[in-house]
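S.K.: got a predicted model here, sequence first, then my questions.
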Amino acid sequence: MFTGAGSCLETLEKGKPLVVVINEKLMNNHQLELAKQLHKEGHLFYCTCSTLPGLLQSMDLSTLKCYPPGQPEKFSAFLDKVVGLQK
């Protein structure tokens, strides 16, 4: 999946296993940074186009951990407090 951060996180939140194929042509590659971190945490696999065949042969989807659901209500409460809407 060539994808941005939103699509990647949405897929993980739905409990789907994910392989992210990094676009190596991007400068300041945020895809790689996000993929590395989520892989380190055990939520996905990532590769480049050239390493995809090897990954598909060697990966074990059963090792992936569920991605924890977001908590938008906590962020909303924090934001309300910061901008003075809540005491």
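M.R.: Okay, I see it. Residues are numbered from 1 along each chain as shown.

S.K.: which residues in the chain form strands?
M.R.: With strands called from DSSP state E, the chain shows them at 19-21, 45-47.

S.K.: so which of these comes closest to Lys81?
M.R.: Nearest to Lys81 among those is strand 19-21; the distance by CB to CB comes to 34.6 Å. Where you see a C-beta, it was placed from the backbone N, CA and C, and this is true even at glycine.

S.K.: check the offset of that closest one from the chain's centre.
M.R.: Its chain's C-alpha centre lies 10 Å from the corresponding centre of strand 19-21 when counted by CA atoms, centre = their mean, to the nearest Å.

S.K.: of all the strands of the chain, which one is nearest Ala77?
M.R.: Among these, strand 19-21 comes nearest to Ala77, with 31.4 Å by CB to CB.

S.K.: elements contacting that closest one?
M.R.: Here strand 19-21 touches helix 30-40, strand 45-47, helix 52-58, going by 3 or more CB pairs under 8 Å, 6 or more residues apart in numbering; DSSP states H and E.

S.K.: I'd like the ones you listed as JSON lines, with mean neighbour count appended.
M.R.: Shown next, in JSON lines, are the helices and strands packed on strand 19-21 (neighbours: other CB atoms under 10 Å):
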{"stretch": "helix 30-40", "mean neighbour count": "15"}
{"stretch": "strand 45-47", "mean neighbour count": "20"}
{"stretch": "helix 52-58", "mean neighbour count": "11"}
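
S.K.: worst average pLDDT in those?
M.R.: Among the helices and strands packed on strand 19-21, helix 30-40 has the lowest mean pLDDT, at a mean of 89.

S.K.: contacts for that helix, please.
M.R.: 2-5, 8, 12, 20, 22-23, 44-46, 67 (CB atoms under 8 Å, 6 or more residues apart in numbering).
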